[in-house]
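Peer 1: Can you look at this prediction? I've put the sequence above it.
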Amino acid sequence: CACACACACACHVMSCACPRRTQLTHCSHPTPLTPGAGSAFLSAGVSPAAMPLAVGACAWTPSAALLLLLDRAPRPSAADVAARTARRPMGGEARRAFLRQWACGLAP
């Protein structure tokens, strides 16, 4: 068929309507991290039902370690605090002025 049926990357598989879709093989296209991690766990023998838990556990571990490192970061010194100004809360008019000024950059 004319589609990319020999390629199992997500961009081709999702758009492929070919009857040979079950015979897909892996391609050399770069795979995004999440589908690649899921495929790696499935290839390693993790059941499809347990795969999200396994990927989540692997993502949780470095996230927790980084949060612990962030928590142990030193607080600003007196010199750091003196070099900066304290933020004041924005009132309603200040928020409207901010939105008018930056609306094009904030719009999706």
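Peer 2: In hand now; what should we look at?
Peer 1: alpha carbons only for contacts and neighbour counts from here, please
Peer 2: Will do.
Peer 1: In this structure, where's the longest helix?
Peer 2: The single longest helix within the chain, with elements called by DSSP state H, is helix 51-71.
Peer 1: got a list of contacts for whichever helix or strand comes after it?
Peer 2: Per DSSP states H and E, the first helix or strand lying C-terminal to helix 51-71 is helix 78-82. Helix 78-82 has contacts (C-alpha atoms under 8 Å, 6 or more residues apart in numbering) with no other residue.
Peer 1: for the longest helix of the chain, packing partners?
Peer 2: Packing contacts for helix 51-71, counted by 3 or more C-alpha pairs under 8 Å, 6 or more residues apart in numbering; DSSP states H and E, involve helix 33-43.
Peer 1: so what does the helix it packs on touch, helix or strand wise?
Peer 2: Secondary elements touching helix 33-43 (3+ C-alpha pairs under 8 Å, 6+ apart): helix 51-71.
Peer 1: what comes up buried for the helix it packs on?
Peer 2: Across helix 51-71, burial judged by 16 or more other C-alpha atoms under 10 Å covers 51-52, 54-55.
Peer 1: circling back: got the angle between the longest helix of the chain and helix 33-43?
Peer 2: 130 degrees (axes from the mean of the first three to the mean of the last three C-alpha atoms, to 10 degrees).
Peer 1: Can you show me the CA trace of helix 51-71 as CSV?
Peer 2: Extracted C-alpha coordinates of helix 51-71, given in CSV (Å, rounded to 0.1, in the frame of the first residue of the first chain):
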residue,chain,number,x,y,z
MET,A,51,3.2,-0.8,31.9
PRO,A,52,1.8,2.7,32.9
LEU,A,53,2.7,1.9,36.6
ALA,A,54,6.2,0.9,35.6
VAL,A,55,6.8,4.0,33.5
GLY,A,56,5.3,6.2,36.2
ALA,A,57,7.6,4.6,38.9
CYS,A,58,10.6,5.2,36.7
ALA,A,59,9.6,8.8,36.2
TRP,A,60,8.8,9.3,39.8
THR,A,61,12.2,8.3,41.1
PRO,A,62,14.3,11.0,39.4
SER,A,63,11.5,13.6,40.0
ALA,A,64,11.6,12.8,43.7
ALA,A,65,15.4,13.0,43.8
LEU,A,66,15.3,16.4,42.0
LEU,A,67,12.7,17.7,44.4
LEU,A,68,14.8,16.7,47.4
LEU,A,69,17.8,18.5,45.9
LEU,A,70,15.6,21.6,45.3
ASP,A,71,14.4,21.4,48.9
